Every structure is written in structure tokens, then in C-alpha cells.
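Student: Here is my input; please provide its structure:
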Amino acid sequence: MAGAGGESRAAGGGDRVVSRNRKALHDFEVLQRIEAGVALCGTEVKVVRAGHAGLSGAYASVDKNTGEIWLCGVNIPPYGFGNIFNHDSLRARKLLLHRREILRLRAHEERKGCTLVPLSLYLKRGRVKCELGVCRGKTDIDKRETIKRRENDRDARRAMAEHSRRG
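Tutor: This is a model prediction of the structure:
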């Protein structure tokens, strides 16, 4: 019986993706993925729940002085029913991680060519989470290879579908 409850909860939409950073997957090669909590104020949570957050151009960086990781460039527009104390839409937001994870990410970031990029923003059990990727920039050759592979896969799927219709 316990398994049935877990299945229904997962199938019933446990995690709801609010925003994806599609351009990041095109421009970067993801080496590692980490889930982090995001420290938000009340009106920001309401806007994220409504699905109005944008990750284009966003990045994360480790503050050398405090050892905290900050999410920069995420656009969460002001809450429509807010008052004069509404939040700034492009303010830096703190990511909530364990100390070991922060130290590991800091070591990755200090390596040449690696950066921390938010891949998606989603709700998990009512909390706003960010999927953070340790990424390395793709060259133009890598991007062309990715496009070629995607086109070849699409052509193969078409051929299989055509073959199954004939047979």
C-alpha cells in the first residue's frame, strides 16, 4: 500500500517546473547537476508559483568573502498585487546549499572554463528549487556536432515511423 501512495504523489505532479534555461543546454556542456534551494521573499514566491520567472542570462557565483552562492540575473517580475515594499526583479538571490556542496562548487568554478549556470527553476513539495549545473562552454564545432546528431536522430525516427506505417 505504501508504494501506491508514493506513485500517485509522483504521478500527481510532485515537482512542477516553472522555468527552464534552454539556451544554457545549447551553449554549455553540463558536467554535473545539483539541486539547491532559493531564498526568496513572499511576493517572489507568489510570482514563481504563477510561473512568471525567467532564467535567460542567469548565472550563479560564489562570494569569496562569505563563501555563499548567489543566483544573479534571474528575472522574477514584481507581484501585481504587491505594495511599495515589492521586491526588485533582478536582485541577487541566495542559494541554500550545504557547506560541502559549496566548497565542491567553488573548486569547480575556480577551474578554467567552468561556470555555474541555473538550468531550471521548479517547485518541490511547495518549496522553490533551482537545478544548478557545473558547465563548460561549447565551441562552435561542438554546437554543430550537437545539431548534426539531433538532425540524424530526427531522420532515423522519421524513417522508423515510415517503415512501421508500410509494414
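Student: Just give the number of residues close to the residue nearest to residue 143 when sequence neighbours are not counted.
Tutor: Leaving out its chain neighbours, the residue that sits closest to residue 143 by C-beta to C-beta, 6 or more residues apart in numbering is residue 26, at 7.0 Å. All C-beta atoms are positioned from the backbone trio N, CA, C, and that covers glycine. By other C-beta atoms under 10 Å, the residues close to residue 26 number 11.
Student: need the contact list for residue 17.
Tutor: Residue 17 sits next to 120-122 when contact means C-beta atoms under 8 Å, 6 or more residues apart in numbering.
Student: Can you tell me which of the residues you listed is nearest residue 83?
Tutor: Nearest to residue 83 among the contacts of residue 17: residue 121, at 24.7 Å, using C-beta to C-beta.
Student: helices or strands up against the strand or helix carrying the closest one?
Tutor: Per DSSP states H and E, residue 121 falls inside strand 114-124. Helices and strands touching strand 114-124, by 3 or more C-beta pairs under 8 Å, 6 or more residues apart in numbering; DSSP states H and E, are strand 15-20, helix 22-27, strand 28-38, helix 42-49, strand 59-62, helix 99-110, strand 127-137.
Student: quick one, it and strand 127-137 angle?
Tutor: Interaxial angle, strand 114-124 versus strand 127-137 (axes from the mean of the first three to the mean of the last three C-alpha atoms, to 10 degrees): 160 degrees.
Student: Alright, I will stop here.
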